[in-house]
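K.L.:
Here is a sequence with its predicted model. Questions after.
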Amino acid sequence: MRRSAYFILGSAAALAAATPASAQVTIAPINGPNLDTAIKASKTVTENNSTVVFGSTENGNSADVKFTGNTLINITDGAGFASISDANGTPDFRVLTIELTKAFSDLQFSLQLNDDGRVLIEYALFGTTNFVAAGGTNPFTQNANQLRDYQLTSNPDQALGALRITTCSLTGACTAGVGNGTGINFEKQNSVSLLTSAVPEPGTWAMMLMGFGAIGASMRRRRSRQIPQFA
């Protein structure tokens, strides 16, 4: 019994330790084809001039993508993809969060700034709200009115749930989720690689193994303590 418990604990520890080394989520500028699934403006929830607008991975026939801005934003379909822009006419659109109800492994988008600035890109795992800066040259420096394509990539495929873009001026601190400067002109050309099922992370498997091991050990102890009954 002890050998089995040690094996379970050892396996769990190995899985937990392997998580940071084997799992990477990176962001990089790209110049290539769009991903498998286009994100379009939702036809079912069409509200605009709001801090929250909705897109769709089902050709507009759903509202499974939520775009949240730090200011009022609009969503339209441009060239077959959702395009997000400032709705109030003042250059203060600095933060955009893209959240899906489905797990994804990769997400691609195009971004244009009003002035020279920096772009900080973070991600959150599916089912969580904790944003982490993606690996790579992050934040990026981007010129005014330059249209740049970015791709968030997980390797191996991880279940991602959200992406957050924060823009800042070239100087001073750049606080994630707050930003500063004149911000985003527009964000568009959104596409995504969806996962058919959300696979638990190695750390989650480790916790599950430890739990099963503890349950098994407890059941064995109970059996060993039972007093034989004689007729």
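P.N.:
Arrived safely.
K.L.:
which residues in the protein form strands?
P.N.:
All strands of the chain, identified by DSSP state E, fall at 24-29, 37-38, 40-41, 50-56, 65-78, 81-86, 95-113, 117-125, 132-133, 140-142, 147-155, 160-168, 184-194.
K.L.:
I'd like to know how far residue 93 sits from residue 173.
P.N.:
According to C-beta to C-beta, to the nearest Å, residue 93 stands 19 Å off from residue 173. Yep, even glycine has a C-beta here, placed from its N, CA and C like the rest.
K.L.:
With neighbour numbers in mind, choose between the two.
P.N.:
Just comparing residue 93 and residue 173: by other C-beta atoms under 10 Å the higher neighbour count belongs to residue 93, 26 against 8.
K.L.:
Low-confidence ranges, this structure, go.
P.N.:
Along the chain, the model assigns pLDDT under 70 to residues 1-23, 197-231.
K.L.:
export the strands of the chain to a markdown table and tack on distance to residue 177 and mean neighbour count?
P.N.:
Shown next, in a markdown table, are the strands of the chain (distance: least, C-beta to C-beta, whole Å; neighbours: other C-beta atoms under 10 Å):
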| stretch | distance to residue 177 | mean neighbour count |
| --- | --- | --- |
| strand 24-29 | 16 | 18 |
| strand 37-38 | 26 | 20 |
| strand 40-41 | 24 | 24 |
| strand 50-56 | 14 | 20 |
| strand 65-78 | 8 | 20 |
| strand 81-86 | 17 | 22 |
| strand 95-113 | 6 | 21 |
| strand 117-125 | 8 | 22 |
| strand 132-133 | 11 | 14 |
| strand 140-142 | 17 | 16 |
| strand 147-155 | 17 | 19 |
| strand 160-168 | 6 | 23 |
| strand 184-194 | 14 | 22 |
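K.L.:
possible to save the ones you listed as TSV with distance to residue 178?
P.N.:
Shown next, in TSV, are the strands of the chain (distance: least, C-beta to C-beta, whole Å):
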stretch	distance to residue 178
strand 24-29	19
strand 37-38	30
strand 40-41	27
strand 50-56	15
strand 65-78	8
strand 81-86	17
strand 95-113	7
strand 117-125	10
strand 132-133	14
strand 140-142	17
strand 147-155	20
strand 160-168	7
strand 184-194	14
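K.L.:
got the contact list for residue 74?
P.N.:
Residue 74 sits next to 48-49, 53, 84-87 when contact means C-beta atoms under 8 Å, 6 or more residues apart in numbering.
K.L.:
repeat that for 6 Å
P.N.:
By C-beta atoms under 6 Å, 6 or more residues apart in numbering, the contact list for residue 74 reads 48, 85, 87.
K.L.:
surely the second one meets residue 187?
P.N.:
Translated: residue 85. No - using C-beta atoms under 6 Å, residue 85 is not in contact with residue 187; the gap is 7.8 Å.
K.L.:
so who does residue 34 touch?
P.N.:
Per C-beta under 6 Å, 6+ apart, neighbours of residue 34: residue 191.
K.L.:
Same check on residue 134?
P.N.:
25-27, 121, 123, 152.
K.L.:
ok, it to residue 41 distance?
P.N.:
From residue 134 to residue 41 the distance is 26 Å (C-beta to C-beta).
K.L.:
same question, residue 51
P.N.:
Distance, residue 51 to residue 41, using C-beta to C-beta: 16 Å.
K.L.:
Walk me through the domains of the protein.
P.N.:
Here the domain parsing of the chain from automatic domain parsing is 1-23+201-231, 28-196.
K.L.:
ok, now which ones touch residue 46?
P.N.:
Here residue 46 is in contact with no residue (C-beta under 6 Å, 6+ apart).
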